[in-house]
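Whatever this is, show me its structure:
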Amino acid sequence: MEAFTSGLISLDDALSTMLSRITPMNESDVLPLPQAAGRISASPVISPMAVPPFDNSAMDGYAVRMVDVQSGTPLPVAGKAFAGSPFCGEWPTGSCIRIMTGAPIPTGCEAVVMQEQTELQGDEVVITAGVNAGQNIRRAGEDIHQGSEVLSAGVRLGAAELPLLASLGIASVQVLRPLRVAIFSTGDELQSPGQPLAAGQIYDTNRFAVHLMLNKLGCEVIDLGIIRDDRDALRAAFNEADARADVVISSGGVSVGEADYTKQMLEELGEVSFWKLAIKPGKPFAFGRLKNSWFCGLPGNPVSAMLTFYQLVQPLLAKLNGQSGPALPPRQRVRCADVLKKSPGRLDFQRGVLLRNPQGELEVKSTGHQGSHVFSSWHQANCFIVLERERGSVQPGEWVEIEPFNALLEG
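Residues are numbered from 1 along each chain as shown. Predicted structure coming up:
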């Protein structure tokens, strides 16, 4: 086994090498909030106001002074306060103010008694429970202080972030420009979906899958199609991609035994390393720098291409696009419900289904055959089962590490 795994690069080493060379972009635009969905914040966002902007009621009920409550006598209602229509009149001693949720707290109010803890007797209110000073009052700035940072740079703006900015009266936000990513597949054996297959041809799955994932990541995709195994065609494709894109991603032509044109072009046009990764699937992978862009070469097998994109290219794009925080979800340990076949030597990413068993415990099941050509398993899976490099086969009931899919592979 050592002869087959010696010289292989670990996934962690490959990713560290890639990320150590990447410097985040800093080109930005200012966009209205609706147009900023999916973009990355280019600078911290500072709140121009306090939230809530004023003390307000957390309940429908009655605004009271503590001295009036302590008397134990019924309190006449001296007025009403609504959200958007505060009580502004004179508030006599020994009375209360009818108040609704969100309404500004009247001057002098020390507590709000919820209506369920009162009884209305004619025009007077009897309080039926104890009252604590400050209860049911939302204080100004309790959620957000004016001048505080509400979003840091590097945050992908979505349904949680953009409404927050809108709630602060912010109409536009500074965002990084989308990454421009050029993609193409190489190989005479490939054909585009919808076209008839000639003898020995297969449909180009990888480019389509990569295109979809890049769309989810908010990238501007430059699709150069299928490039045949021709030296001049490949050179022209690489030159065009390098001139137009921040990142160039190709599929195929990076493993031993394939046509040499891709490797020759890359050696001619840039500085690219061809790695044999200690992972399964996805051993062949290329990374480096062209004249104007970064380059990632994915394996030709569909599952291998998806996995290496997910584990290596996705974090690279996140760093290049200035995104803060981890690009991949944290892993966790659960029990395995199936037998998993594995030979020691490579870190193995098997497709799995994380679910809760009848006992209410999380466990993971295999999607079945794990060959690098079995693309159908992706739609069944919701996680990777990550088996350590030197681990062998797994028996039911053993603990394994799983990595839930992030939004890139969901739905």
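
tell me the contacts of Val77?
62, 95-98, 123-125 (CB atoms under 8 Å, 6 or more residues apart in numbering). Where you see a C-beta, it was placed from the backbone N, CA and C, and this is true even at glycine.

repeat that for 6 Å
Taking CB atoms under 6 Å, 6 or more residues apart in numbering as the criterion, Val77 is in contact with Arg98.

which secondary structure element contains it?
strand 75-81 (DSSP states H and E).

mind listing what that strand pairs with, with the direction of each?
Applying DSSP bridges, strand 75-81 is found paired with strand 96-99 (parallel), strand 124-127 (antiparallel).

That one - what's its average pLDDT?
Across strand 75-81, pLDDT averages out at 96.

Tell me how far Gly200 lies from Leu316.
Using CB to CB, to the nearest Å, Gly200 is found at 34 Å from Leu316.

Leu157 too?
From Leu157 across to Leu316, the span is 21 Å (CB to CB).

Do I have it right that Ala318 meets Ala327?
Yes: contact criterion CB atoms under 6 Å: Ala318 and Ala327 qualify, at 4.0 Å.

So for the two, which sits in the more crowded spot?
Under the neighbour definition other CB atoms under 10 Å, Ala318 and Ala327 were set side by side, and Ala318 has more, 23 against 19.

name the element that one belongs to?
Assigned by DSSP H and E, Ala318 belongs to helix 314-320.

I'd like the distance from that helix to the chain centre, please.
Offset of helix 314-320 from its chain centre (CA atoms, centre = their mean, to the nearest Å): 12 Å.

Direction included, what does the helix or strand that that helix is followed by pair up with?
Sequence order places strand 332-336 as the next helix or strand after helix 314-320, per DSSP H and E. In its sheet, strand 332-336 lies beside strand 362-366 (parallel), strand 399-404 (antiparallel), with partners assigned from DSSP bridges.

Comparing Gly200 and Leu316, which residue is more hemmed in?
A direct count of neighbours by other CB under 10 Å for Gly200 and Leu316 places Leu316 higher, at 20 against 7.

I'd assumed Thr17 was in contact with that one.
No: with contact defined as CB under 6 Å, Leu316 and Thr17 do not form a contacting pair (10.6 Å).

Now for Gly360, how many residues are close by?
Using other CB under 10 Å, Gly360 is surrounded by 6 other residues.

Please settle this for me: is it part of a helix?
No: in this structure, Gly360 is coil, not part of a helix, as judged by DSSP: H, G, I helix; E, B strand; the rest coil.

going forward can the numbers begin at 54, since that is how I track them
Shifting the count to begin at 54 puts that one at Gly413.

Can you check what pLDDT the model gives it?
If you check Gly413, the pLDDT there is 91.

residue ranges with poor pLDDT in the protein?
When the per-residue scores of the chain are filtered using pLDDT under 70, the ranges that remain are 54-59, 308-313, 424-428, 464.

report the longest helix in it, please.
Among all segments of the chain classified by DSSP state H, the helix with the greatest residue count is helix 284-297.

Tell me where the stretch 304-453 of the chain has helices.
Per DSSP state H, counting those that start in this stretch, the stretch 304-453 of the chain has helices spanning 314-322, 355-361, 367-373. These are given in chain order.

Counting by contacts, list what the lengthiest strand in the chain packs against.
Longest strand in the chain by number of residues (criterion: DSSP state E): strand 400-409. Of the remaining helices and strands, those touching strand 400-409 by 3 or more CB pairs under 6 Å, 6 or more residues apart in numbering; DSSP states H and E are strand 415-419, strand 436-440.
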